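S.K.: turn this into a structure:
(one chain, ligands or ions: 2)
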Amino acid sequence: MSLLPEQPQDQYWMAKALRYAALGLGETWPNPSVGCLMLTVGDNENTQFHLTRTAAFGRPHAEEALLSIPSLKAKDSTVYVTLEPCAHEQKNLSCVDRLIRAGVKRVVIASQDPDQRTNGIAVQKLIEAGVSVTVGCLEKQANTMQQGYIYRQRYQRPMVTLKTAISLDGKTADSKGNSQWITNHYSRRRVHLLRAFHDATIVGIGTVIKDNPMLNCRLKRFEHRRSLRIVLDRQLRLPCTSKLAQTSTQFPTWVLYRYDSENRRSQLEKMGVEVHLLPDMSDISVILSYLAGKGLTRVLVEGGAKLHSAFFQAKLVDRLIIFQAPILLGSQGVDMTGPELKADIEQPYRFKLIHTRKLINDFYYEYRQA
Ligand code: AOF
Ligand code: ZN
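M.R.: Numbers count the residues shown, from 1 in each chain. Ligands and ions are numbered 1, 2, ... in the order given. Okay, the predicted model is just below:
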């Protein structure tokens with residue numbers, strides 16, 4: 001296999017494709033959100049670029065969408081893709097065959113596809129067809145952007161983001177359990193964005209009973225997003241009067257449960273809630289592998305303390321996002337984790353700070369597992 005080195009402008013174009021692909025996160029599962037950018041030469045010799053990404057629900061793929069642009073002059077073009085083009089044929093041609101058939105001259109790939117039906121095969125096919133191929137352009141950035149998809153392929157689990165809003169003294173609610181207004185408007189908008197860019201938001205049933213949350217994204221321009229809302233509810237206690245149950249035909253809602261109560265199950269199903277019986281709910285990794293089996297690639301965990309503890313304890317928090325407000329809630333307030341989480345200074349749960357942002361009076365902190 002003979003790969004060619006990067007050229008001077010490659011990173012510039014690939015960065016554009018990556019930024020565009022990132023906008024599709026949360027709506028393409030079970031597929032990755034792939035970005036595809038093609039450089040063509042226009043009538044007056046000027047360079048033009050065309051940019052597509054994987055469509056909502058995963059089809060059409062980015063390359064297919066790009067190659068169906070009317071009057072596109074794909075012959076002898078250069079194509080940038082954030083993931084190796086697929087090599088498996090289903091009803092239609094695979095993306096790699098489409099690119100070859102279109103006569104593209106060069107393909108620059110950020111990252112190889114961990115899907116065994118494609119891994120390395122597409123690269124080989126392109127080379128054999130006489131296309132110049134470069135692999136690894138902005139690979140690290142691509143792997144971060146596509147982490148959810150890569151984790152589902154490699155580890156059979158989605159990538160996990162845990163988000164919480166705390167006071168200066170680390171409390172998520174006051175002594176009465178009130179938590180609605182800890183952080184400001186800007187922080188809350190960011191939370192809505194986070195929901196939109198994840199495939200699902202997960203909460204424990206305790207949080208649903210206490211806060212009666214909606215867990216959807218209510219930002220203009222993102223209202224069409226339909227991220228799943230998932231409740232971990234061992235005993236199927238989700239009230240039919242909860243906002244989640246009441247709005248489940250509008251915003252897809254799943255309940256994962258362990259102990260059947262036929263009456264409650266059929267009531268919830270009639271309302272539009274999807275119920276999933278799991279043989280074991282004590283182990284977070286079992287739950288995550290079940291969700292990966294259903295196609296989920298990125299999940300957002302939003303409380304409560306008990307669920308946070310379980311995710312931390314299982315070392316299954318890939319990304320931790322904290323919004324911190326400049327208030328004190330006192331020692332009677334609710335902690336971010338429950339008493340189940342045991343740690344000490346010799347062996348703390350450690351994270352690496354990768355991003356901070358000031359949101360007027362609040363702070364946004366983003367960590368990765370160290
Ligand atoms: C591409 N371009 O935009 C995406 C790709 O179920 P299917 O047939 O849609 O195939 C899913 C696989 O396609 C997925 O595992 C990954 O290998 C690839 N995704 N490939 O060429 C795209 N989204
Ligand atoms: Zn494809």
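
S.K.: could you pull up the residues touching the closest residue to ligand 1 within the stretch 251-370 of the chain?
M.R.: Going by CB to the nearest ligand atom, ligand 1 is nearest to Gly295 of the stretch 251-370 of the chain, at 9.5 Å. The way it works is simple: take the backbone N, C-alpha and C, and place the C-beta from them, glycine included. Shown in contact with Gly295 (CB atoms under 8 Å, 6 or more residues apart in numbering): 29-30, 152, 199.

S.K.: looks like Arg195 contacts Asn216 (just checking).
M.R.: Yes. Between Arg195 and Asn216 there is a contact at 6.7 Å, judged by CB atoms under 8 Å.

S.K.: now do the shared contacts for the two.
M.R.: Contacts common to Arg195 and Asn216, judged by CB under 8 Å, 6+ apart, are Ser227.

S.K.: for the residue lying closest to Ala314 once chain neighbours are set aside, give me the pLDDT.
M.R.: With sequence-adjacent residues excluded and distances taken as CB to CB, 6 or more residues apart in numbering, Ala314 is closest to Ile284, at 4.3 Å. For Ile284, the pLDDT comes out at 96.

S.K.: what does the one 4 residues further on give?
M.R.: We have a pLDDT of 98 for Leu288.

S.K.: contacting residues around it?
M.R.: 157-158, 160, 299, 316.

S.K.: got it, and Thr172?
M.R.: Thr172 makes contacts with 164-166, 179, 182, 303-305, 333-336, as judged by CB under 8 Å, 6+ apart.

S.K.: for the residue lying closest to Thr247 once chain neighbours are set aside, the count of nearby residues, please.
M.R.: Nearest residue to Thr247, sequence neighbours excluded (CB to CB, 6+ apart): Met214, at 6.9 Å. Neighbours of Met214 under the rule other CB atoms under 10 Å: 15.

S.K.: can you tell me what sits against the helix or strand of the chain with the lowest mean pLDDT?
M.R.: Lowest by mean pLDDT, DSSP states H and E among the helices and strands of the chain is helix 262-271, with a mean of 91. The set of residues external to helix 262-271 that reach it, using CB under 8 Å, 6+ apart, is 236-238, 240, 245-246, 248-249, 255, 257, 275.

S.K.: just these: which are in helices?
M.R.: With helices taken from DSSP state H, the overlap with those comprises 245-246.

S.K.: ranking the contacts of helix 262-271 by neighbours, who comes first?
M.R.: In terms of neighbours by other CB under 10 Å, the contacts of helix 262-271 top out with Val255 at 26 neighbours.

S.K.: ok, back up a step: buried residues in the least confident helix or strand of the chain?
M.R.: Residues 264-265, 268, 271 are the ones in helix 262-271 that count as buried (16 or more other CB atoms under 10 Å).

S.K.: just the contacts of Gly295 now: which is nearest ligand 1?
M.R.: Nearest to ligand 1 out of these is Pro30 (CB to the nearest ligand atom; 7.1 Å).

S.K.: so what's the closest one up against?
M.R.: Residues in contact with Pro30 (CB under 8 Å, 6+ apart) are 58, 152, 295-297.

S.K.: buried subset of the residues you listed, written for ChimeraX?
M.R.: Filtering those down to the buried ones (16+ other CB under 10 Å) takes a single ChimeraX command:
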select :58,152,296,297
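
S.K.: quick one, strands of the stretch 201-350 of the chain?
M.R.: Secondary structure of the stretch 201-350 of the chain, counting by DSSP state E, counting those that start in this stretch: strands at 228-232, 253-257, 274-277, 298-301, 319-324, 334-335.

S.K.: which elements pack onto the third one?
M.R.: What it means is strand 274-277. strand 253-257, helix 262-271 (3 or more CB pairs under 8 Å, 6 or more residues apart in numbering; DSSP states H and E).

S.K.: arrange those in a markdown table, one row each, with distance to ligand 1 as further columns.
M.R.: Output for those, formatted as a markdown table (distance: least, CB to the nearest ligand atom, whole Å):
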| stretch | distance to ligand 1 |
| --- | --- |
| strand 253-257 | 21 |
| helix 262-271 | 28 |
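
S.K.: distance to Ser71 for those - can I get that in JSON lines?
M.R.: Below are the helices and strands packed on strand 274-277 laid out as JSON lines (distance: least, CB to CB, whole Å):
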{"stretch": "strand 253-257", "distance to Ser71": "44"}
{"stretch": "helix 262-271", "distance to Ser71": "49"}
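
S.K.: how about JSON lines for those, with distance to ligand 2 added?
M.R.: Shown next, in JSON lines, are the helices and strands packed on strand 274-277 (distance: least, CB to the ion, whole Å):
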{"stretch": "strand 253-257", "distance to ligand 2": "28"}
{"stretch": "helix 262-271", "distance to ligand 2": "35"}
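
S.K.: quick one: closest of the ones you listed to Asp344.
M.R.: The minimum distance between Asp344 and the helices and strands packed on strand 274-277 falls on strand 253-257, with 32.1 Å, by CB to CB.

S.K.: chain center to the closest one: distance?
M.R.: 19 Å (CA atoms, centre = their mean, to the nearest Å).

S.K.: same question for stretch 330-338.
M.R.: 29 Å.

S.K.: name the helix or strand for the closest residue to Ile322 other than its chain neighbours, please.
M.R.: Take Ile322 and drop its neighbours on the chain: the residue closest to it by CB to CB, 6+ apart is Tyr365, 4.5 Å away. Assigned by DSSP states H and E, Tyr365 falls within strand 362-369.
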